[in-house]
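1. No letters, just coordinates:
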Ligand code: NOJ
Ligand code: CA
């Protein structure tokens, strides 16, 4: 044993039995999950119709990306009304029916709260533009006077995350600030009306039976827009270890979450929350603390390359987070914002460019270069999910990853929906992981609905369909299902011990005599003694082949 982290004694049994500490959460991107009425857009009744699938798969909860009224300038993260359902996706009755069906299947429900910005169609923003300079309606957003003789230039040179200026003109010499698309004006969190409105939104959904919340851009709410503005060159690196960036991860953001925590805890059971906080690794635990949001995504695995040392480092940092926050880590391999994991791991590794960036460059070439080895990527992605599911903590699964789906790289420019693709010359955008799911091998949209989906599915999608994989003992879907069924029985507590092994092998032991062993190398290695409980790939004469993970019961 080279190191041991066992913090059961720190946490105590009461908290370790909390479902959220170990939950497997399935992320649904509603417009691409299941379409009930044949308009090509996934909807809430579509989700309700697939509850049996989610139960069969064995997940504990679902997280729904935004289903609120939206013009889809950013896939629904441009919200017109935080307390309603987009008519294209259903209505509040459909929402209640969906929650009831999920709860009846013992599946909890997490919804997205998008507090950093509204859409430009939100009633408040329409009022703010109409009200004019100096009006109190503008104080809910971040309006500033422009530069130049008549304010014809933006207040400074800051850039949006999606590319281009972070300021858009109000047409009257003032400009409004937007970290993301111009259709997503940032809210002013110094304004008490803004604060009160989000308290109302949280209560609105909690009162409807929602179990938890995923907080979008949790690191972005508080900002220092005082002059003089630092030039963009000084702040373009968004992650700082000390809370000194004017836009991101400022210490006072936790005051908002302390306030929300009192609301979450006023419910029985207390409502859960998880932060989307893209912050310096040393600052992640603060969002996961009990007096803040309670959990925070650990995106490091999304950025990790398929190498034993990378995985080990990410795991060690995540375990340290647990000690620093008292919360478990929320692991994930992908989400609606990143190229699919099977694709990232099927492209050639490079020493100086992470897989994530290689995949994004590959998308710009429409998937032509470099060569994608599909089966290798799927094989590694299978080995990877078995590592995540063996770790202490909670795991998020992005819809379609359980099918081993690849990124759709060759979407034609005219069908792209992501503003990132429009605003940036160096990004193809995120549509390739948002293509509607294949449920059946045939049909106009492979069972997604009665019509072609809102993003076209490629011909190869049929082979990945749920109906093809569900009965195949060797499929990725079957592996996920088996792993989820075993996980609850095998892994307990939050301890993890590294077991010494050769450099290309990752081996850790969990309490109860269960080991997880992964071969990141190129040749088979011998397995430690023990009973093989699950393997991501067939063993090679009792040896562990390359790119394979096993769960073992050790004597
Ligand atoms: C993070 C979301 O995951 C992403 O999809 C969105 O574009 C931004 N936040 C802005 O809301
Ligand atoms: Ca529909």
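-> Nice, I can see it. Only a predicted model underlies this, so the values are computations on that prediction, with no experimental measurement involved. Ligands and ions are numbered 1, 2, ... in the order given.
2. host element of residue 533?
-> For residue 533, the host element (DSSP states H and E) is strand 531-535.
3. Paired strands for that strand, with orientation please.
-> Partner strands for strand 531-535, per DSSP bridges, with pairing direction: strand 548-553 (antiparallel).
4. Return the distance of the strand it pairs with from the chain's centre.
-> Distance, stretch centre to chain centre, for strand 548-553: 26 Å (C-alpha atoms, centre = their mean, to the nearest Å).
5. Which residues does that strand contact?
-> 379, 382-384, 386-387, 390, 486, 490, 513-519, 527-528, 530-537, 539, 544 (C-beta atoms under 8 Å, 6 or more residues apart in numbering). Yep, even glycine has a C-beta here, placed from its N, CA and C like the rest.
6. In that strand, which residues are buried?
-> Buried residues in strand 548-553, counted by 16 or more other C-beta atoms under 10 Å: 548-552.
7. How about stretch 313-321?
-> Buried, per 16+ other C-beta under 10 Å, within stretch 313-321: 314-315, 317-321.
8. Repeat that for stretch 199-210.
-> Under 16+ other C-beta under 10 Å, the buried positions of stretch 199-210 are 201-202, 205-206, 210.
9. picking up where we left off before, what lies in contact with the strand holding residue 533?
-> So strand 531-535 is contacted by 386, 479, 482-483, 486, 490, 514, 539, 548-553 (C-beta under 8 Å, 6+ apart).
10. Which positions in that strand come out as buried?
-> 533-535.
11. which residues does residue 129 contact?
-> Residue 129 sits in contact with 170-171, where contact means C-beta under 8 Å, 6+ apart.
12. just how off-centre is the helix or strand harbouring it within its chain?
-> Using DSSP H and E, residue 129 sits in helix 123-131. Using C-alpha atoms, centre = their mean, the mean C-alpha position of helix 123-131 is found 31 Å from that of the whole chain.
13. what do you get for stretch 489-498?
-> 24 Å.
14. Now the terminal residues of it, how far apart.
-> For stretch 489-498, the first-to-last residue distance is 21 Å (C-alpha to C-alpha, to the nearest Å).
15. before we move on, what about stretch 24-33?
-> Span of stretch 24-33 from end to end, C-alpha to C-alpha: 18 Å.
16. what do you get for stretch 239-253?
-> 15 Å.
17. One more: stretch 340-359?
-> 9 Å.
18. for the helix or strand hosting residue 361, the distance to its chain's centre please.
-> Counting by DSSP H and E, the element that carries residue 361 is helix 355-364. Relative to its chain's centre, helix 355-364 lies at 18 Å (C-alpha atoms, centre = their mean).
19. for stretch 393-413, same thing?
-> Distance of stretch 393-413 from the chain centroid (C-alpha atoms, centre = their mean) equals 11 Å.
20. Mind checking what secondary structure the residue of the stretch 101-250 of the chain found nearest ligand 2 has?
-> The stretch 101-250 of the chain approaches ligand 2 most closely through residue 101 (17.0 Å), counting by C-beta to the ion. What DSSP: H, G, I helix; E, B strand; the rest coil gives for residue 101 is helix.
21. That one: neighbour count?
-> Other residues near residue 101 number 19, with proximity taken as other C-beta atoms under 10 Å.
22. Hmm, it is touching residue 51, no?
-> Yes - counting by C-beta atoms under 8 Å, residue 101 does reach residue 51; the two are 4.6 Å apart.
23. list the contacts for the closest residue to ligand 2 within the stretch 301-450 of the chain?
-> Per C-beta to the ion, residue 449 is where the stretch 301-450 of the chain lies closest to ligand 2, at 6.3 Å. With contact taken as C-beta under 8 Å, 6+ apart, residue 449 is in contact with 34-40, 42, 46, 436.
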